[in-house]
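# Any chance you can model this:
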Amino acid sequence: MPVHEQRDQPTGVPPLMLTGERTLPDVPEENYWFRRHLAVYEWIARRLSGMRVLDMACGEGYGSAVLASVAAAVVGVDANAEAHEHARLRYRASNLRFERALLESFSEPADAVVLLQTIEHLSDPARALGHLRSLLRAGGVAFVSTPNVLTLAPKGALRSDNPWHLREYRAQEFERLCRGCFASVEMYGLFHARKLRLHEYALRLGWDALHPRLRLTKPFYERFTAAIAASDFTLRAAPACGLERALDFLAVCRG
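Numbers count the residues shown, from 1 in each chain. The predicted structure follows:
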């Protein structure tokens, strides 16, 4: 299995290795997944003006930095020592700090709590969501995302082969989990847009059978993957969108 490490890090910032447990920027092979997660962080950030925010299980820290570009204050929380040190050194702003702690034990009041692509890693997700709710001030909001097992897992499989995932969700399962902890839950789905949507159409027309015969696979996808941007994904609200076709789910939870 190839080993991938972050490229071109600032002086004094130790690069992180790509293990599959977290998504990293600055790894060309990971750009699709990084931009897919970044699109959700950017959507959330536009709704956080003036708020004090907790970014739980923040990993490398790029998402906390996006939130801090809009929010009044952001705390990025992660239990991993290497990720915490990397984030602390790389992302610096007067309204941003990083704390090393387990999300279930970190306690600080906030107007908004963000937990992206993490609930599927937890052995007791309901307890974690209950803890997040306890941190919210009156009128606060929690943003929680997870991949859709129907589009993540191979066709016909019950789950993906990601060894870090303890539980993967269908839309109704994820919504039910969130409604068990919050009074109000709005569900959104993340979908391909722009060139990724065009790529979906090309696949339906037989592109996967054509590019190997033309010996274009490696040069095409090296360029295509590197060019993917956060704007090549879009969030749509349920029930207008069919969540069973979504890449990821985002639950906006209150009360």
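# distance of Asp208 from Leu198?
In this view, Asp208 and Leu198 are 14 Å apart by Cβ to Cβ, to the nearest Å. C-beta: built from backbone N, CA, C; applies to glycine.
# Repeat that for Ser134.
44 Å.
# Ala142 too?
The spacing between Ala142 and Leu198, counted by Cβ to Cβ, is 34 Å.
# Neighbour count for these two, which is higher?
A count of neighbours by other Cβ atoms under 10 Å puts Ala142 above the other of Ala142 and Leu198, at 25 against 12.
# what about the more buried one, distance to Ser123?
Distance of Ala142 to Ser123, computed by Cβ to Cβ: 19 Å.
# burial of the nearest residue in space to Glu168 that is not next to it in sequence, as a residue count?
Nearest residue to Glu168 in three dimensions, chain neighbours excluded: Val149, at 3.8 Å (Cβ to Cβ, 6 or more residues apart in numbering). For Val149, the neighbour count with other Cβ under 10 Å is 20.
# these two touch, right, Val13 and Arg90?
Yes - with contact defined as Cβ atoms under 8 Å, Val13 reaches Arg90; the gap is 4.7 Å.
# the more surrounded of the two?
Neighbour count, other Cβ under 10 Å: between Val13 and Arg90, Arg90 has more, with 22 against 15.
# Report the mean confidence score over the longest helix anywhere in the chain.
Identified as the longest helix of the chain according to DSSP state H is helix 31-45. On average, the pLDDT along helix 31-45 is 98.
# elements contacting it?
Packing partners of helix 31-45 (3 or more Cβ pairs under 8 Å, 6 or more residues apart in numbering; DSSP states H and E): helix 62-68, strand 184-192, helix 217-227, strand 233-237, strand 248-254.
# remind me which residues of the stretch 1-150 of the chain are low pLDDT?
1-3 (pLDDT under 70).
# where along it do the strands fall?
Using DSSP state E, counting those that start in this stretch, the strands of the stretch 1-150 of the chain run over 52-56, 73-78, 96-100, 110-115, 136-147.
# between the ones you listed, which one is nearest to Pro239?
strand 136-147 (18.1 Å; Cβ to Cβ).
# got the angle for the closest one vs strand 248-254?
Orientation check (axes from the mean of the first three to the mean of the last three Cα atoms, to 10 degrees): strand 136-147 against strand 248-254 gives 170 degrees.
# what's the angle between strand 136-147 and helix 31-45?
160 degrees.
# elements contacting strand 136-147?
strand 110-115, helix 125-135, strand 248-254.
# again, only this time at 7 Å
Secondary-structure packing of strand 136-147 (3 or more Cβ pairs under 7 Å, 6 or more residues apart in numbering; DSSP states H and E): strand 110-115, strand 248-254.
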